[in-house]
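Visitor: Provided below for reference: sequence and predicted model.
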Amino acid sequence: MEFKKIKNKILKYIGNLILSVEHVGSTSVEGLAAKPIIDIDVVIEDMSVLPDIIKGLEKAGYEYEGNLGIEGREAFRRIKKDGLMKHHLYVCPKDGKGYLEHIALRDYLRENKDARREYEELKLKLARKYRNDVDTYCIKKTDFINSILSKTIYKKQD
């Protein structure tokens, strides 16, 4: 429900410039423990539309933050206070590494109950241990995430 509200807002301002709006991250996986923050990937054909996207999202109440050190993913921060649930918004090309990894992880967790349970246990353990250190929390999830990605988009071809 909250994702749809945000998606509709995005589509109103830049719908003609994009391919899709994807709900990614833990809140996109039913039954998975998650912080109350929605992760959203706005998918574009290529980076040539980024200047127009920036203008449109600024009108919609977002501030452009650049790639925050991650190539192929442009971040936006919500600066308008209008009751939308807290969310992270990223603009990604359809063939970008960040987008492809987000979708692969999301879809794998949606389809694999055991992996979902294992990931949830890891997240809860790390959240307790690194409650005030979000960077370490994220780093400590990397091996698990990479193990899933190695089974999906990075699986070895025979």
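Guide: Everything's here; your move.
Visitor: secondary structure element for the spatially most central residue of the chain?
Guide: Nearest to the mean C-alpha position of the chain, by Cα atoms, centre = their mean, lies D39 at 3.8 Å. Using DSSP states H and E, D39 falls within strand 38-44.
Visitor: Note down every partner strand of that strand and its orientation.
Guide: Strand 38-44 has the following strand partners under DSSP bridges: strand 20-24 (antiparallel), strand 87-93 (parallel).
Visitor: Output it as CSV, nothing but the C-alphas.
Guide: Presented in CSV, the C-alpha positions along strand 38-44 are these (Å, rounded to 0.1, in the frame of the first residue of the first chain):
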residue,chain,number,x,y,z
ILE,A,38,11.0,1.2,1.6
ASP,A,39,13.8,0.7,-1.1
ILE,A,40,12.7,1.7,-4.6
ASP,A,41,14.5,1.4,-7.9
VAL,A,42,13.4,3.7,-10.7
VAL,A,43,14.5,1.9,-13.9
ILE,A,44,15.5,3.8,-16.9
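Visitor: got a list of contacts for that strand?
Guide: For strand 38-44, contacts defined as Cβ atoms under 8 Å, 6 or more residues apart in numbering pick out 2-3, 6-7, 10, 14, 17-28, 50, 53, 85-94, 98-99, 102-103. In short, each C-beta sits where N, CA and C put it, glycine included.
Visitor: could you flag which of those are buried?
Guide: Neighbour counting with 16 or more other Cβ atoms under 10 Å marks 3, 6-7, 10, 14, 17-18, 21-28, 53, 87, 89-93, 98-99, 102-103 as buried within the contacts of strand 38-44.
Visitor: Contacts for stretch 56-72, please.
Guide: Contacts of stretch 56-72 (Cβ under 8 Å, 6+ apart): 9-10, 12-14, 17, 54, 73-80, 82, 89, 91-93, 96-99.
Visitor: now stretch 141-149
Guide: E101, A104, L105, Y108, L109, A115, E118, Y119, L122, K123, L126.
Visitor: In JSON lines: the residues you listed, plus distance to K141, pLDDT and neighbour count.
Guide: Formatted as JSON lines, the contacts of stretch 141-149 follow (distance: Cβ to Cβ, whole Å; pLDDT from 0 to 100; neighbours: other Cβ atoms under 10 Å):
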{"residue": "E101", "distance to K141": "13", "pLDDT": "93", "neighbour count": "21"}
{"residue": "A104", "distance to K141": "15", "pLDDT": "95", "neighbour count": "17"}
{"residue": "L105", "distance to K141": "10", "pLDDT": "95", "neighbour count": "24"}
{"residue": "Y108", "distance to K141": "14", "pLDDT": "96", "neighbour count": "19"}
{"residue": "L109", "distance to K141": "12", "pLDDT": "96", "neighbour count": "23"}
{"residue": "A115", "distance to K141": "13", "pLDDT": "95", "neighbour count": "17"}
{"residue": "E118", "distance to K141": "11", "pLDDT": "95", "neighbour count": "15"}
{"residue": "Y119", "distance to K141": "8", "pLDDT": "94", "neighbour count": "23"}
{"residue": "L122", "distance to K141": "7", "pLDDT": "94", "neighbour count": "15"}
{"residue": "K123", "distance to K141": "7", "pLDDT": "92", "neighbour count": "19"}
{"residue": "L126", "distance to K141": "7", "pLDDT": "91", "neighbour count": "18"}
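Visitor: Nice, that's everything, thank you.
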